[in-house]
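**Q** Sequence and predicted structure below; questions after.
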Amino acid sequence: MYEYGKNLGISFQVVDDILDFTQSAEQLGKPASSDLAKGNLTAPTGSLDEAIELVKQCGGIQRAQEFAKEKADIAIKSLQCLPQSDFRLGLEDMVMFNLERID
């Protein structure tokens, strides 16, 4: 269960970061790019708008989506030790719901 939680958590955070770059404030329920604007990224940036555009142009969003999906796959695979049940299905659904946020 540790591997499930760890990988779902990483996937969730990456999805949240992707949404911060790709969604409007209305869609997010918080100011868009608020994490970047608060300095919650370690990479130095000049202009906020420039930073967002560079991330989009260099394929950062796509790479982040792939990484989130990899972690989600690991989370689901870690559940194989559990018997098929509504409980296991609910845990799998939580992973899929997270990924649906970026589809």
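**A** Thanks, I have it. Numbering: from 1, shown residues only.
**Q** Can you tell me how far residue 92 is from residue 52?
**A** 33 Å (C-beta to C-beta, to the nearest Å). (Each C-beta comes from the backbone N, C-alpha and C, glycine too.)
**Q** So those two - more neighbours on which side?
**A** Higher neighbour count among residue 92 and residue 52: residue 52, with 19 against 16, using other C-beta atoms under 10 Å.
**Q** Residue 65 contacts residue 98, doesn't it?
**A** No. Contact criterion C-beta atoms under 8 Å: residue 65 and residue 98 do not qualify, at 11.8 Å.
**Q** Residues contacting stretch 67-84, please?
**A** Contacting residues not belonging to stretch 67-84 are listed as 1, 3-5, 7-8, 10-11, 14-15, 18, 88, 91-92, 95-96, 98-99, 102 [C-beta atoms under 8 Å, 6 or more residues apart in numbering].
**Q** and if we set it to 7 Å?
**A** By C-beta atoms under 7 Å, 6 or more residues apart in numbering, the residues outside stretch 67-84 that reach it are 3-4, 7-8, 10-11, 14-15, 88, 91-92, 95, 98-99, 102.
**Q** Residue 23: which of the residues you listed is nearest?
**A** residue 102 (9.4 Å; C-beta to C-beta).
**Q** does that closest one really touch residue 15, like I thought?
**A** Yes. In this structure residue 102 lies within contact range of residue 15 using C-beta atoms under 7 Å: 5.4 Å.
**Q** What's the local residue count around residue 86?
**A** Using other C-beta under 10 Å: residue 86 sits among 8 other residues.
**Q** next one: the one 4 residues further on
**A** Burial of residue 90 is recorded as 9 neighbouring residues (other C-beta under 10 Å).
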